[in-house]
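> here you go, sequence then predicted model.
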Amino acid sequence: GDSVTQMEGPVTLSEEAFLTINCTYTATGYPSLFWYVQYPGEGLQLLLKATKADDKGSNKGFEATYRKETTSFHLEKGSVQVSDSAVYFCALRAMDTGRRALTFGSGTRLQVQP
Amino acid sequence: EAQVTQNPRYLITVTGKKLTVTCSQNMNHEYMSWYRQDPGLGLRQIYYSMNVEVTDKGDVPEGYKVSRKEKRNFPLILESPSPNQTSLYFCASSLKGGSGTDTQYFGPGTRLTVL
């Protein structure tokens, strides 16, 4: 079945550091890939998405590129801020399942220190 | 404002006492879904609905029921809650169930504790 693997956290960085959160997936066909962010006490918000190979999703300074050859969708940001502290979820949505469910990774907590 | 709302946000109950968590969306979305979030497991789908009167099981449906009588509402029912259903629950919706590229929009979550 489909699966998403994320690096375990927490990831602790100083403000203005470079961020990478690794995400790899297993799926049949060509899934759509998503990064969601969950701020403390809140629901999930879509951060960015990519729907086909080599697409780059970007939002709020975050970027991720859909790499079919390595089945990866790593999240990057050049300079993190304290306000980026949250839990980040990588997810995929397969094209060939009727459920159209999102398959989530376990989440990576990011802590940014001033 | 386009949104998915859930009620209640927090609930503490006892084993066996039936409860309902409501979910409503104002975006005229066809697809709605319930997930539960548990530490280290990410989110797992409980039930989903492709449209009114069309519902089906997700990955972890045991102990839950749903209904979809109206397009905007998708309540989650726990007929006889047990402690292993203590979790954080999210409702989500997207425009069309048939497209894998649609964005799913999530509600704020309901934290349920079953004693």
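Arrived safely, thanks for sending.

> just list whatever residues bridge to the residue in chain B that chain A sits nearest to.
Nearest to chain A in chain B, going by C-beta to the nearest C-beta, is residue B:42, at a distance of 3.6 Å. No exception for glycine: its C-beta is placed from N, CA and C like everyone else's. Per DSSP bridges, the residues bridged to residue B:42 are residue B:38.

> check contacts around it.
If you count contacts by C-beta atoms under 8 Å, 6 or more residues apart in numbering or on different chains, residue B:42 has them with A:4, A:89, A:104, A:105, A:106, A:107.

> now residue A:52
A:30, A:66.

> ok, back up a step: okay, and which of the contacts of residue B:42 map to strands?
A:4, A:89, A:104 (DSSP state E).

> could you check the pLDDT of the nearest residue to residue A:85 once chain neighbours are set aside?
With C-beta to C-beta, 6 or more residues apart in numbering or on different chains as the criterion, residue A:85 has its nearest non-adjacent residue at 4.9 Å, and that residue is residue A:112. Note on residue A:112: pLDDT of 97.

> and what of residue A:43?
pLDDT, residue A:43: 85.

> then the one 10 residues further on?
For residue A:53, the model assigns a pLDDT of 92.

> what pLDDT does the closest residue to it other than its chain neighbours get?
When the adjacent residues along the chain are set aside, residue A:53 lies closest to residue A:68, with 3.9 Å between them (C-beta to C-beta, 6+ apart). Residue A:68 carries a pLDDT score of 93 in this model.

> got the contact list for residue A:68?
Here residue A:68 is in contact with A:30, A:53, A:54 (C-beta under 8 Å, 6+ apart).

> for it, grab phi and psi.
Per-residue torsions, residue A:68: phi -70, psi -30 (degrees, to the nearest 10).

> could I get the ones in strands among the contacts of residue B:42 as TSV with pLDDT, distance to chain B and neighbour count?
Output for the ones in strands among the contacts of residue B:42, formatted as TSV (pLDDT from 0 to 100; distance: C-beta to the nearest C-beta, whole Å; neighbours: other C-beta atoms under 10 Å in any protein chain shown):
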residue	pLDDT	distance to chain B	neighbour count
A:4	94	8	23
A:89	94	6	25
A:104	90	4	23
